[in-house]
Every structure is written in structure tokens, then in C-alpha cells.
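>>> After the sequence you'll find the predicted model.
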Amino acid sequence: MADSEDTSGSSRINPFTNVPVELTVSVGRLRPLVRELLALEPGSVLQMDRRIDEPVEIFVGNRLFARGELQENPESGTGQLAVRLTEFLDTPHDG
């Protein structure tokens with residue numbers, strides 16, 4: 001397999017850049033008792049451990065990757081959720 005170069009000719013293109021990864025956005029956690037779960041019905045409200053204006057956490061697998069703010073995607077026009085990244089955590093770079 002031949003190595004490709006970018007337009008500057010200074011670095012090789014990494015074939016893994018086209019591999020999709022799944023990100024998970026965590027808006028909060030809760031630890032209900034089993035009896036509380038069994039009592040749930042449509043319309044029940046689960047209280048999270050965070051306020052609506054606090055940052056959400058973005059995970060790649062089980063690793064915390066970044067934090068951000070929930071917002072409505074302005075391009076969708078349909079109320080679709082989006083996350084504006086505000087902080088990257090411990091990201092490896094090859095320099």
C-alpha cells in the first residue's frame with residue numbers, strides 16, 4: 001500500500017482518520033433505588049445530579065474526552081440538540 005502525502009508533502013495521511021467512533025454525551029447521572037424504578041410510570045420525572053446550565057461530558061468509549069454546552073442546532077430548524085465544545089481533556093497529539 002502506497003503512502004499518501006498532504007498538499008505540503010510534509011506528512012503522511014493516517015488511514016485511521018476515516019474510521020468512525022461513537023461519542024457519548026452525558027448530561028448527568030442518578031442512582032435511584034430499585035423500588036423507585038419499579039414505581040416509575042409515564043410522566044414520572046427523574047431528577048439528575050446537574051443543573052441545566054452545567055457543562056455536559058463527552059466520552060469516547062469510557063474515556064472522558066471533552067466538555068461542552070447543550071444547545072439547539074441552529075442549522076436544523078427542528079429543535080435538534082447539539083453540543084458546543086468548550087474544553088478538551090487529556091487529548092494525545094503526535095506533535
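Thanks, I have the structure now. Numbers count the residues shown, from 1 in each chain.

>>> Show me what the residue nearest to the spatial centre of the chain is bridged to.
Nearest to the geometric centre of the chain sits Ile58, at 3.1 Å (CA atoms, centre = their mean). With DSSP bridges as the criterion, Ile58 is bridged to Val25, Ala66.

>>> residues contacting it?
The contact partners of Ile58, by CB atoms under 8 Å, 6 or more residues apart in numbering, come to Leu23, Thr24, Val25, Ser26, Leu64, Phe65, Ala66, Arg67, Gly68, Val83, Leu85. Every C-beta, even on glycine, is put in place using the N, C-alpha and C of the backbone.

>>> Got the confidence number for the closest residue to Thr24 other than its chain neighbours?
Among residues not flanking Thr24 along the chain, Phe59 sits closest, at 4.5 Å (CB to CB, 6 or more residues apart in numbering). Looking at Phe59, its pLDDT reads 96.

>>> for Phe59, what are its contacts?
Leu23, Thr24, Val25, Ser26, Phe65.

>>> And the helices in this structure, which stretches?
Under the criterion DSSP state H, the chain contains helices at 34-38.

>>> Where do the strands of it begin and end?
Residue ranges of the strands in the chain, as given by DSSP state E, are 23-26, 56-60, 63-72, 81-88.

>>> Out of the ones you listed, which one sits most buried?
Mean neighbour count, computed with mean count of other CB atoms under 10 Å, is highest for strand 56-60 among the strands of the chain, reaching a mean of 17.

>>> now that one, how far from the chain's geometric center?
Mean-position distance between strand 56-60 and its chain equals 4 Å (CA atoms, centre = their mean, to the nearest Å).

>>> Using PDB, write out every CA atom in it.
The C-alpha trace of strand 56-60 is given here as PDB (Å, rounded to 0.1, in the frame of the first residue of the first chain):
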ATOM      1  CA  VAL A  56     -22.100  18.100  29.700                       C
ATOM      2  CA  GLU A  57     -19.300  15.500  29.400                       C
ATOM      3  CA  ILE A  58     -18.300  13.900  26.100                       C
ATOM      4  CA  PHE A  59     -16.900  10.400  26.100                       C
ATOM      5  CA  VAL A  60     -15.000   8.300  23.500                       C
END
